[in-house]
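Peer 1: pasting the sequence and the predicted model now:
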There are 2 protein chains.
Amino acid sequence: MYRTHTCGELRIDHVNTEVTLSGWVQRIRDLGAMSFIDLRDRYGITQLVVDENTDKAIADQLDELGREFVLQVKGLVRERSSKNKNIPTGEIEIALNEIKVLSAAELPPFTIQDDTDGGDDLRMKYRYLDLRRNPVRENLVLRAKMAHAVRSYLNAKDFIETETPVLIKSTPEGARDFVVPSRMNPGEFYALPQSPQTFKQLLMVAGFDRYYQIVKCFRDEDLRADRQPEFTQIDCEMSFVEQKDVLEMFEGLTRHMFKEVLDVEVTEFPWMPYSEAMEKYGSDKPDTRFDMLISDITETVKGKDFVVFDSAEYIGAICAKGCAEYTRKQLDALTNWVKRPQIGAKGLVYVKCNADGTFKSSVDKFYSEEDLKLWAEQTGAEAGDLILVMSGDRKHMLDALGELRLEMANQLGLRDKNVFKPLWVVDFPLLEWDEDSQRFYAMHHPFTAPKPEDISLLDTDPGKVRANAYDLVINGVEIGGGSVRIFNADLQAKMFDKLGFTPEEAEAQFGFLMNAFKFGAPPHAGIAFGFDRLVSMFAGEDTIRDVIAFPKNNSGRDVMIDSPAPIANAQLDELNLKLDLKEKK
Amino acid sequence: MYRTHTCGELRIDHVNTEVTLSGWVQRIRDLGAMSFIDLRDRYGITQLVVDENTDKAIADQLDELGREFVLQVKGLVRERSSKNKNIPTGEIEIALNEIKVLSAAELPPFTIQDDTDGGDDLRMKYRYLDLRRNPVRENLVLRAKMAHAVRSYLNAKDFIETETPVLIKSTPEGARDFVVPSRMNPGEFYALPQSPQTFKQLLMVAGFDRYYQIVKCFRDEDLRADRQPEFTQIDCEMSFVEQKDVLEMFEGLTRHMFKEVLDVEVTEFPWMPYSEAMEKYGSDKPDTRFDMLISDITETVKGKDFVVFDSAEYIGAICAKGCAEYTRKQLDALTNWVKRPQIGAKGLVYVKCNADGTFKSSVDKFYSEEDLKLWAEQTGAEAGDLILVMSGDRKHMLDALGELRLEMANQLGLRDKNVFKPLWVVDFPLLEWDEDSQRFYAMHHPFTAPKPEDISLLDTDPGKVRANAYDLVINGVEIGGGSVRIFNADLQAKMFDKLGFTPEEAEAQFGFLMNAFKFGAPPHAGIAFGFDRLVSMFAGEDTIRDVIAFPKNNSGRDVMIDSPAPIANAQLDELNLKLDLKEKK
């Protein structure tokens, strides 16, 4: 038996018990007459003591030990003379009788402590050491706890956890698929699922009524900081429901998770139409922890011979509370910030609402105090505030103002990680026009139902059709999204037609689904939560990599196992494939 | 709102309630003056009535309806005059006020009933209809319930559920990998995991202490009836444990599942050495629901001038209780059965132990009554029993006798699906010699630890080294397997050497693991259960396909979605691949 107790288990009640512990050396302190070893495992740290009463042979062993050695030790629990109130085992220590080295350890490439000296690259290469650090392991424990909370809630609500296949079929719609060559079917490929969308809909056709799964999904995208080629979804679908039923159910799930895992009560889940989110927050995932709403001041500011505004489609403003004292330097920095390619604004107009009731703006030449007073009224600015104004193409400026709003909130400390403000964004457009390919794309996906009252617009003005689609947004992060689905073969066929599929293409790719709808499909709707993002929000982490045991880097590489990697020619041959590498330009 | 209640919910207490139900038409019975519709959903069936008091317009609607139409109906709950005690809703019926057709249905290609008229191919093509059938859906519900029971138990035991990556690295050892070309890393491939083996070991190195995951694994094998290219494992690993600790923990899990899910108590989990299983049952997965053990009668039967036996390495026998009356025809059938290529025996010798104490055998020419009496004593045969004997190469004959034993048990009805006999098979050989490639293979996998007392044999007689490896076998089915792992870099390197890896190959493929062992690895051990098989055993099904929502056929095809399928040339081009199809011969 390697241990009688864990390193987090012993208390004052155990004094005088003979125990066996196993764990890692966190550190060794040699105080001359006495030496202490902190022995660590997942459950805690226990102090081991070697003093003048310890067998000399054991004391000599200490010289061979180092950080991260794995030891099995035996000894007697005794009360500490100097107690440590900061750790649960702080009242006791172990007087050693025996030390056995189970594994020696080379010096780790970075320190195994809460604040490590290891950079990102080193931590990823030695991820198994990085995972020994408390904050990283605690993130993974949190993740497990959250998965458990999800399942408890959904099991209690009669959802059937059902596994859908990982080896499915590639479809050209949406993001790029990872594909898997089939040896047994030469020239053919499976694809890895971007989501179990069609399968969960088929489960509804099958009468499963309520389905869920915590499931890996895959997207071969060029990766950004917060994307991984494989990611995890909480995937759900319900039958005989309307949008309201889904939103209530998953508000319940979200509330349950906050309560169970963080002991936080989140009560309100307001509904906000997509159009309002775009107009007031410049984003379809508004951060509602703070106001600073965008005001459309186009009509107010035009006609004063300021050609920049007069020629603009749209002029919008936000009011930064208490920022009237911003210096020239700060304002220049903000101007440069909005001019960066990521934002792409031409410039930034400001109005300082001075404490004495006067105004000072960067456009004083064109606008009188009276004019600026109107701006202040419209943006809700008061003495001491700063109004920031941008002009140009409406869509682009809303986006830019949305970004500026977040940046100002960061500067003002308005984005508290311990405050959680969820909301539902609803009434998304069904279709999005793409200028490049001159066609409509499904904003959500091709299975989303148009609002019944908008169906007639499909033929006359498809861009105006709204969908019964919804996103759960918390603190400016899209946590989940879903929609009421089409459950009628004819409407589904029409949708594919609007998306530019020929009937043959639609049949080849989604014939099984349209066919299924012909045998009695129930009305159904669903949602998927990005589990990695939800965990990173609960953990207070900025990137999902911090809540994934073995993440990949931005090139899709696992630097620990050094994957992907070349495969043997014999393997390629069996798969009826040849490499066709392009020369690098 | 689509429904106020489900179709399985209404009871006598609901009489006089106005309700709305939604579901599928199971059947319509037109009795002239009255008509009945059975409305079905996942939760049950409710009887709807149209009679002389029903609005004429509704009665007329019935003509448009058919099986599997999806309806929303409104009506008043009333007590049935003729109650059906077989279903929970059998005391009530709904007097209809309104019928709304939510979806019409074409005639299904097979009947949606417990006993369907659909063949396997049709059922798989229309799996979404097959899943509507109670027995199929109930299997999937059972599966979800079992997953839940697994998680409850392991969560309570402090196991951390941790997701390991699906996109990993291909290794030539073991079965064939599915590979995934990487677009971002031209010429390189990910592989799909055959198991999360190395990752769970790294989690132990990381100090996670107890890990589990219910996880999809992948093997590109030529498929047999009970294999799928993707399958699900309950995958576990523990630190600071010996074999005994693992076996106790997972006996506990197994017992918990039987109790929670089937309300069956399984108490005894005997340990049987691999050598005993092979000798007495002719199998490393013995079915211990019945005895009929194999007896080695080699020494007893030799030297009587029967050249077949005298020239054989091994002669073994089983005793089939009460089969002395087997006819010539039955015995011929058995002989033909063992001569089939799957068994490959040369013939079958029988001895009938007649009721009067005499013997009748197919080798009476060579053996006296006295001789045969010895055989009977050695095989435990009594009057009325039949002794079946095979001779030849030892390994082959044990295998053949093991198969014959199962066949006789089938004929005698000794394999009751409602009786569960688990056992641990232990002390497997570490290595298996392969004649074709003239090298040793790891019987379990290359990470399995040799028994400490056998380590010295690694250099002198590798084939004799026993492993701390174990299989959980229930009713002749291998449900799970695992081992104590190597946790020392040098021993792991030696193991790879014995398996014919050059140091460079070992480093390239498993360097990350051996490297990890250098930074303080704990002793650890683990196990994986085949979840599909366990579910099919609990469900009493013969194939795992019956407990998988969307299985693939024996060519690895999903005939419902028609996958795998060709992909576009542009896709291949992006992946730097070209098809290289061989001409069919």
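Peer 2: Here it is on my side, so go on.
Peer 1: and the closest residue to A:Ile12 other than its chain neighbours, how close does it get to A:Asn134?
Peer 2: Excluding its sequence neighbours, the residue lying closest to A:Ile12 (CB to CB, 6 or more residues apart in numbering or on different chains) is A:Glu91, at 4.6 Å. For glycine as for every other residue, the C-beta is placed from the backbone atoms N, C-alpha and C. Distance, A:Glu91 to A:Asn134, by CB to CB, to the nearest Å: 21 Å.
Peer 1: same drill for the two, tell me which one is more crowded.
Peer 2: Relative neighbour count places A:Glu91 above the other of A:Glu91 and A:Asn134, with 18 against 13, counting by other CB atoms under 10 Å in any protein chain shown.
Peer 1: thought A:Glu79 was touching the more buried one, still the case?
Peer 2: Yes - the pair A:Glu91 / A:Glu79 is scored as a contact, 6.5 Å apart, by CB atoms under 8 Å.
Peer 1: mutual contacts of the two, please.
Peer 2: Counting by CB atoms under 8 Å, 6 or more residues apart in numbering or on different chains, the shared contacts of A:Glu91 and A:Glu79 are A:Ile12.
Peer 1: who's in contact with the residue nearest to A:Glu188 when sequence neighbours are not counted?
Peer 2: Excluding its sequence neighbours, the residue lying closest to A:Glu188 (CB to CB, 6+ apart) is B:Pro564, at 3.8 Å. Residues in contact with B:Pro564 (CB under 8 Å, 6+ apart) are A:167, A:169, A:180, A:182, A:185, A:188-190, B:556-557.
Peer 1: highest neighbour count among those?
Peer 2: A:Tyr190 (31 neighbours).
Peer 1: can I take it that that one is in a strand?
Peer 2: Yes - according to DSSP: H, G, I helix; E, B strand; the rest coil, A:Tyr190 belongs to a strand.
Peer 1: any idea how far it is from chain B?
Peer 2: Going from A:Tyr190 to chain B by CB to the nearest CB, to the nearest Å gives 5 Å.
Peer 1: point out the residues in the stretch 201-350 of chain A that sit beside chain B.
Peer 2: By CB under 8 Å from any CB of the partner chain, the residues of the stretch 201-350 of chain A that approach chain B are A:202-203, A:205-209, A:216, A:218, A:220, A:222-223, A:229-230, A:232, A:240-242, A:245.
Peer 1: so which of those belong to strands?
Peer 2: Members of these lying in strands (criterion: DSSP state E): A:216, A:218, A:230, A:232.
Peer 1: which residue ranges of the stretch 451-585 of chain A form helices?
Peer 2: A:457-460, A:489-498, A:503-516, A:531-539, A:569-574 (DSSP state H, counting those that start in this stretch).
Peer 1: okay, those helices, which one's buried deepest?
Peer 2: helix A:531-539 (a mean of 22; mean count of other CB atoms under 10 Å in any protein chain shown).
Peer 1: my read: A:Thr111 touches A:Arg123, true?
Peer 2: No - contact between A:Thr111 and A:Arg123 fails when scored by CB under 8 Å: they sit 11.2 Å apart.
Peer 1: the more surrounded of those two?
Peer 2: A:Arg123 (20 against 16).
Peer 1: what sits closest to A:Glu173 if chain neighbours are left out?
Peer 2: A:Pro446 is the one closest to A:Glu173 (CB to CB, 6+ apart), at 6.2 Å.
Peer 1: A:Val49 too?
Peer 2: Using CB to CB, 6+ apart, the closest residue to A:Val49 is A:Glu93 (5.0 Å).
Peer 1: just to confirm, which helix or strand has the one you found in it?
Peer 2: strand A:92-103 (DSSP states H and E).
Peer 1: what lines up beside that strand in the sheet?
Peer 2: strand A:44-50 (parallel), strand A:70-79 (antiparallel) (DSSP bridges).
Peer 1: pick the most buried one from those strands.
Peer 2: Of all the strands paired with strand A:92-103, strand A:44-50 carries the top mean neighbour count, a mean of 22, counting by mean count of other CB under 10 Å.
Peer 1: same question for that one, mean pLDDT?
Peer 2: If you average the pLDDT over strand A:44-50, you get 97.
Peer 1: same check on stretch A:355-367?
Peer 2: On average, the pLDDT along stretch A:355-367 is 95.
Peer 1: surely A:Arg227 touches A:Asp220?
Peer 2: No - using CB under 8 Å, A:Arg227 is not in contact with A:Asp220; the gap is 10.9 Å.
Peer 1: these two: which has the busier surroundings?
Peer 2: A:Asp220 (23 against 17).
Peer 1: so that one is in contact with A:Phe178, correct?
Peer 2: Yes - applying CB under 8 Å as the test, A:Asp220 and A:Phe178 come out as touching, 4.9 Å apart.
Peer 1: spit out the residues that contact those two alike.
Peer 2: Shared contacts of A:Asp220 and A:Phe178 (CB under 8 Å, 6+ apart): A:Pro229.
Peer 1: got any ranges where the stretch 101-250 of chain A has weak pLDDT?
Peer 2: Where the stretch 101-250 of chain A drops to pLDDT under 70, the residues are A:223-225.
Peer 1: for it, what spans make up the helices?
Peer 2: For the stretch 101-250 of chain A, the helices defined by DSSP H, counting those that start in this stretch occupy A:120-125, A:127-130, A:134-156, A:197-205, A:243-257.
Peer 1: turn the ones you listed into CSV, including distance to B:Lys56.
Peer 2: As requested, the helices of the stretch 101-250 of chain A are exported to CSV (distance: least, CB to CB, whole Å):
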stretch, distance to B:Lys56
helix A:120-125, 74
helix A:127-130, 73
helix A:134-156, 44
helix A:197-205, 33
helix A:243-257, 34
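Peer 1: out of the contacts of B:Pro564, who's nearest A:Gly463?
Peer 2: A:Lys169 (30.2 Å; CB to CB).
Peer 1: can you get me a residue count around the closest residue in space to A:Asp546 that isn't next to it in sequence?
Peer 2: Residue nearest to A:Asp546 in three dimensions, not counting chain neighbours: A:Asn139, with 5.8 Å by CB to CB, 6+ apart. Neighbourhood size, A:Asn139 [other CB under 10 Å]: 21.
Peer 1: confirm for me that A:Asn139 is in contact with A:Val535.
Peer 2: Yes - A:Asn139 is within contact range of A:Val535, at 7.3 Å (criterion: CB under 8 Å).
Peer 1: next, show the common contact partners of those two.
Peer 2: Common neighbours of A:Asn139 and A:Val535, using CB under 8 Å, 6+ apart, are A:Val547.
Peer 1: contacts only, for A:His524.
Peer 2: A:201, A:204, A:237-241, A:484-485, A:487.
Peer 1: rerun that using 10 Å as the cut-off
Peer 2: By CB atoms under 10 Å, 6 or more residues apart in numbering or on different chains, A:His524 lies in contact with A:200-201, A:203-205, A:208-211, A:237-241, A:246, A:447, A:449, A:484-487.
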